[in-house]
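**Q** When you get a sec, could you give me coordinates for this:
(2 chains)
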Amino acid sequence: MTELSQRPRTAESAAAVVTEFFDRYRAHDVDGMTDLCSITARLSYVPVEIWGKQRVLRGDGTVGTVGKPLWTGLIAAFPDLSNTVHSVTSNDEGDVVVQADIEGTQQLAWGLITPAGRHYREPHLFIFHVNPDLLIDSIIGYWNDAGISQQLGHNEVD
Amino acid sequence: MTRTPTQTVEAFLAALARRDVDAAMALVDPQVTVQVHPFGLDGNGADVLRTVLADLVRAFPDLIISVSQVITTGDVVTALFKADGTQAAGYAGAINQEKHLDIDQAWRFGTAGGLITEVAAYWCQAQLYRRLAVKRYDEIAIA
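**A** Numbering: from 1, shown residues only, chains lettered A, B, ... in the order given. Predicted coordinates for the structure are as follows:
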């Protein structure tokens, strides 16, 4: 963390921060992931929407209030959760775009999906922004939740 | 003068927003690689992408593309946009129930020489089916 943040922000150093983020995610080090983010870092997981009778809950908020609980819950439900990073592209303004597969084997309930010991692997696209202090201040994630549901044996469109 | 990666993708998106598939495809390399993850589609060639775009425009003839961000990282351009429209024909296996669609998407474009050489499209098919009133993934065509 200190070593990373002492470097000036360039395309390369911004990419290094995000690469480290995925290394820590793979190691299930949620506190370490959060340490790479600013205290007010925004998070938007676009596919996350839970339809209630009167409102829709979305995966929008901060890393601290939405990201950290979500990552912690995901790791609890999928104890072998892992990621494979396929591409990282970046620019000197701190934008970093990552193509990665996220995968895991379900052991606990995840949302409305009951555990059946099934495995999923789904392509994800993440758009990060890294600030001049080399801290992540924005994460946007896209993936196909239907793909995950079907791989886990859940065929209802919730 | 060759278009920049950003100009190339912005022109592609502008053409798509006009529902002008031919104009969009004029910006695409004939050997383009195409991944449309929600469809499980992994193919090569302009005809593959043309079919994806044509199906979208045919199913949602009032399609509106609202671009929120265009991020250029070298030769790669990532566009975040919302696709809005009213279903008028079958799409992705879902029968037409004249439902309104609004789906946030991210498309990652690779470019070279003023043409799009790679497309990887990401959106959530659960959101799409929810809006089109599909109840089950294993019975998509049954309303």
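**Q** how about stretch B:44-62: buried residues?
**A** By 16 or more other C-beta atoms under 10 Å in any protein chain shown, the buried positions in stretch B:44-62 come out as B:46, B:48, B:49, B:50, B:52, B:53, B:55, B:56, B:57, B:59, B:60. C-beta: built from backbone N, CA, C; applies to glycine.
**Q** Just checking the distance from it to the centre of its chain.
**A** The gap between where stretch B:44-62 is centred and where its chain is centred comes out at 8 Å by C-alpha atoms, centre = their mean, to the nearest Å.
**Q** from the buried residues of stretch B:44-62, which single one is nearest chain A?
**A** Of all the buried residues of stretch B:44-62, residue B:52 has the smallest distance to chain A: 14.9 Å, by C-beta to the nearest C-beta.
**Q** which element is the closest one on?
**A** helix B:46-59 (DSSP states H and E).
**Q** same check, this time on residue A:44
**A** Using DSSP H and E, residue A:44 sits in strand A:37-51.
**Q** following the top strand by length along chain B, which helix or strand comes up?
**A** Counting by DSSP state E, the longest strand found in chain B is strand B:100-112. The C-terminal neighbour of strand B:100-112 among helices and strands, as given by DSSP H and E, is strand B:115-122.
**Q** Quick check: next helix or strand after that following strand?
**A** Next along the chain after strand B:115-122, taking DSSP H and E as the criterion, comes helix B:125-131.
**Q** ok so, going back, just checking, what packs against the helix holding residue B:52?
**A** With contacts taken as 3 or more C-beta pairs under 8 Å, 6 or more residues apart in numbering or on different chains; DSSP states H and E, helix B:46-59 sits against helix B:21-25, strand B:28-36.
**Q** now for the longest one, which elements pack on it?
**A** When contacts are defined as 3+ C-beta pairs under 8 Å, 6+ apart, strand B:28-36 packs onto strand B:41-44, helix B:46-59, strand B:115-122.
**Q** now the angle between strand B:115-122 and that strand, please.
**A** 10 degrees (axes from the mean of the first three to the mean of the last three C-alpha atoms, to 10 degrees).
**Q** now strand B:28-36: how far from the chain's centre is it?
**A** Here the centre of strand B:28-36 is set off from its chain's centre by 12 Å, with C-alpha atoms, centre = their mean.
**Q** Show residues contacting the one helix or strand in chain B whose mean pLDDT sits lowest.
**A** Across the helices and strands of chain B, mean confidence by mean pLDDT, DSSP states H and E is lowest for helix B:125-131: a mean of 93. When contacts are defined by C-beta atoms under 8 Å, 6 or more residues apart in numbering or on different chains, helix B:125-131 is touched by residues A:47, A:49, A:51, A:144-147, A:149, A:157-158, B:38-39, B:92, B:94, B:99-104, B:137, B:140.
**Q** just to revisit the earlier point, how about JSON lines for the helices and strands packed on strand B:28-36, with mean pLDDT added?
**A** Shown next, in JSON lines, are the helices and strands packed on strand B:28-36 (pLDDT from 0 to 100):
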{"stretch": "strand B:41-44", "mean pLDDT": "97"}
{"stretch": "helix B:46-59", "mean pLDDT": "98"}
{"stretch": "strand B:115-122", "mean pLDDT": "98"}
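**Q** returning to that earlier point: any of the contacts of helix B:125-131 buried? List them.
**A** Neighbour counting over those (16+ other C-beta under 10 Å) leaves A:47, A:49, A:144-147, A:149, A:157, B:38-39, B:92, B:94, B:101, B:103-104, B:137, B:140 as the buried ones.
**Q** From the residues you listed, which land in strands?
**A** Using DSSP E, these in strands are A:47, A:49, B:101, B:103, B:104.
**Q** ok, now which ones touch the most centrally placed residue in chain B?
**A** Nearest to the geometric centre of chain B sits residue B:53, at 5.9 Å (C-alpha atoms, centre = their mean). By C-beta under 8 Å, 6+ apart, the residues touching residue B:53 are B:16, B:21, B:24, B:25.
**Q** List the buried residues for the host helix or strand of the first one?
**A** For residue B:16, the enclosing helix or strand under DSSP H and E is helix B:5-17. When neighbours are counted by 16+ other C-beta under 10 Å, the buried residues of helix B:5-17 are found to be B:5, B:7, B:8, B:9, B:10, B:11, B:12, B:13, B:15, B:16, B:17.
**Q** Same question for stretch A:20-37.
**A** Residues of stretch A:20-37 classed as buried by neighbour count (16+ other C-beta under 10 Å): A:20, A:21, A:22, A:24, A:25, A:28, A:29, A:30, A:33, A:34, A:36, A:37.
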